[in-house]
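Q: what follows is a protein structure lacking sequence information:
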C-alpha cells in the first residue's frame, strides 16, 4: 500500500513537471467525453419525453394511418382514410369513438403579413376535445375553445414566432380569402410541427381545401373501458381489410394500425440506433485523445530515460516502473473524463433551463447514472491502454543503457 502511494506521488509529480503537455493531452479526452455526455443526454431526454407521452395514452388510444409505412404517410401524405374506413373502425369491437384529422399547407395572412401555415381539420365535438386534452395533452394557454365553424385555435409557434407580431385572442387570420377568429392559443404540444398548426372545424377545413367529405389523413380510435389494445387493433385490421377488399377487390393491407406499445417499440429502436451512432462518433474523439496520451507517454519515456536508469539502478523493479507510468496515464484519462463529464452536465442543465423559460424550445436532457459510469470508466480504460505500451517500453530498459543515455 505504501509503495502504491509512492508510485502515485511520483506520477503526479511527473504530470506537474510537464503541465502544459499534460493539460493538452487531458483536453483531448475532455472533448470526447463532453461529446458523449451532451449528445447522449439529449437522446435520453428524447426517449424519456416520448415514453411519457406514450404512457399518457395509457393503452387506450390506437392510431390508424393509410399506407404500410407510417413514416412516409406522416411526412408525405398521399392516400386518405375514406368515409367507409372510418365507419368500419367505429364498428370494430372494442372501439368507443373515432377522431379524424387532416392537414395541409396553405398561405395565410395575419394583418399585412403572409406566411405558409399548416392547417389541420378535426371534429370539434365535446368528446373530441376531451380526448385531445387527456390523451394528446391539449390545453389552452389563453382564450377558449371554438364554438363556431369560423373560429380557430392556434399553436404556440403561430402565436409567438411565425408572424412578426404576436397573434392575439380575438384577432383574425385570413385563409384562402376567408376570415377566421382566433379564440384560443394552445400550450406547447412538445414539438415544433404541432405547435406550428392552425386547428379548425373539419367541415370548414374540407370546404377550404376541397377534400372529400368524410375522408381524413389519419384517425385515432379511443378504446372502450377494459378493452385490450392488441385485440382491438386486430379487430380494426380485419374490419379495414374487409372494407378495402370491397372497394378495391384486393386483400392488400395498405394501412397501418399502431398501438402505443408498437409506437414505443418503434421509437425505442430509432433512439437506440441514434445512441449507438452517437457513442461511435464520440468514441472516435476519445480514441484520438488516447493517441495523444500514448504520444505524450512515449515522449515522457524518452525524456526520462536517464531517470528510469537511476531508479532501476537503486533497486526499482520492472513492475514498479510499469506501475508509475500506468498510474500517470490513468490519472490523465480520469481527469479528462471528469472534465468532459462536468462540461457535458453543465450543457445539459443549461438546455433544461433554457427549455423552462422558452416553451418553443423542444429539447430536454436526461443524465442517467449509466452515462456517468460509462464516461469515467471508458476514459480510465483509454488512459490505461494508451499508457501501457510506453510503460512497458520504460520497464524493459536496462539500467546501463538508460544511464548511458
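A: It's in. Nothing here was measured: the structure is a model prediction, and the numbers come from that model.

Q: could you check the pLDDT of the closest residue to residue 231 other than its chain neighbours?
A: Spatial nearest neighbour of residue 231, excluding adjacent residues (Cβ to Cβ, 6 or more residues apart in numbering): residue 94 at 6.5 Å. The C-beta positions use only the backbone N, C-alpha and C, and glycine is treated the same way. If you check residue 94, the pLDDT there is 86.

Q: for the remainder of this discussion, apply numbering that starts at 858.
A: New numbering, starting at 858: the last item is residue 951.

Q: surely residue 951 meets residue 1087?
A: No: contact between residue 951 and residue 1087 fails when scored by Cβ atoms under 8 Å: they sit 10.3 Å apart.

Q: the two: which is more packed in?
A: residue 951 (18 against 13; other Cβ atoms under 10 Å).

Q: tell me how far that one lies from residue 1078.
A: Residue 951 sits 9 Å away from residue 1078, going by Cβ to Cβ, to the nearest Å.

Q: who touches both of the two?
A: Common neighbours of residue 951 and residue 1078, using Cβ atoms under 8 Å, 6 or more residues apart in numbering, are residue 1089.

Q: if we can go back for a sec, residue 1155 versus the residue nearest to residue 1088, what's the distance?
A: Residue 951 is 69 Å from residue 1155, by Cβ to Cβ.

Q: ditto for residue 1008
A: 74 Å.

Q: the more surrounded of the two?
A: Shown here are residue 1008 and residue 1155; by other Cβ under 10 Å, residue 1008 has more neighbours (19 against 16).

Q: and that one, what pLDDT?
A: Value for residue 1008, per-residue pLDDT: 88.

Q: I'd say it and residue 1038 touch.
A: Yes: judged on Cβ under 8 Å, residue 1008 makes contact with residue 1038 at a distance of 5.0 Å.

Q: just to revisit the earlier point, contacting residues for the residue nearest to residue 1088?
A: Going by Cβ under 8 Å, 6+ apart, the list of residues near residue 951 reads 1080-1081, 1084-1085, 1088-1089, 1092.

Q: and the stretch of helix or strand residue 1096 belongs to, what does it pack onto?
A: Assigned by DSSP states H and E, residue 1096 falls within helix 1086-1105. Where contact means 3 or more Cβ pairs under 8 Å, 6 or more residues apart in numbering; DSSP states H and E, helix 1086-1105 is packed against strand 918-923, helix 940-948, strand 952-967, strand 1075-1080, strand 1112-1116, helix 1117-1160.

Q: the shortest one to helix 1117-1160, inter-axis angle?
A: Orientation check (axes from the mean of the first three to the mean of the last three Cα atoms, to 10 degrees): strand 1112-1116 against helix 1117-1160 gives 80 degrees.

Q: pairing partners for strand 1112-1116, with directions?
A: Here strand 1112-1116 has these sheet partners by DSSP bridges: strand 918-923 (antiparallel).

Q: what sits up against the partner strand?
A: With Cβ under 8 Å, 6+ apart, strand 918-923 has contacts from 930-931, 935-938, 942, 946, 988, 992, 1074-1080, 1086, 1089-1090, 1093, 1097, 1111-1117, 1120.

Q: again, but for stretch 1127-1143
A: Outside stretch 1127-1143, the residues that touch it by Cβ under 8 Å, 6+ apart are 885-886, 888-890, 892-893, 896-897, 900-901, 903-904, 907, 1235-1236, 1239.

Q: for residue 1029, give me the pLDDT.
A: 92.

Q: gap between it and residue 962?
A: 20 Å.

Q: which one's more surrounded, these two?
A: Between residue 1029 and residue 962, counted using other Cβ under 10 Å, the more crowded position is residue 1029 (16 against 9).

Q: that one is in contact with residue 1037, isn't it?
A: Yes: using Cβ under 8 Å, residue 1029 is in contact with residue 1037, at 6.5 Å.

Q: ok, residues contacting stretch 942-950?
A: The contact list for stretch 942-950 (Cβ under 8 Å, 6+ apart) reads 921, 952, 954-955, 957, 1071, 1073, 1076, 1078, 1089, 1092-1093, 1095-1097, 1099-1101, 1112.

Q: in the chain, what secondary structure element scores lowest on mean pLDDT?
A: In the chain, the helix or strand scored least confidently by mean pLDDT, DSSP states H and E is helix 927-933, which has a mean of 48.

Q: got a list of what residue 1024 touches?
A: 967, 1011, 1015-1017, 1030, 1039, 1042.

Q: isn't there a strand covering it?
A: No: counting by DSSP: H, G, I helix; E, B strand; the rest coil, residue 1024 falls outside a strand, being coil.

Q: break the protein down into its structural domains.
A: Following the assignment in automatic domain parsing, the chain carries domains at 859-910+1122-1261, 937-1110.

Q: could you point out which of the ones you listed sits nearest residue 917?
A: domain 937-1110 (5.1 Å; Cβ to Cβ).

Q: distance from the chain centre to the closest one, please.
A: Put simply, domain 937-1110 sits 25 Å off its chain's centre (Cα atoms, centre = their mean, to the nearest Å).

Q: quick one: list the elements packing against whatever helix or strand residue 1252 lives in.
A: Using DSSP H and E, residue 1252 sits within helix 1226-1253. Contacts defined by 3+ Cβ pairs under 8 Å, 6+ apart place helix 1226-1253 against helix 876-914, helix 1117-1160, helix 1175-1214.
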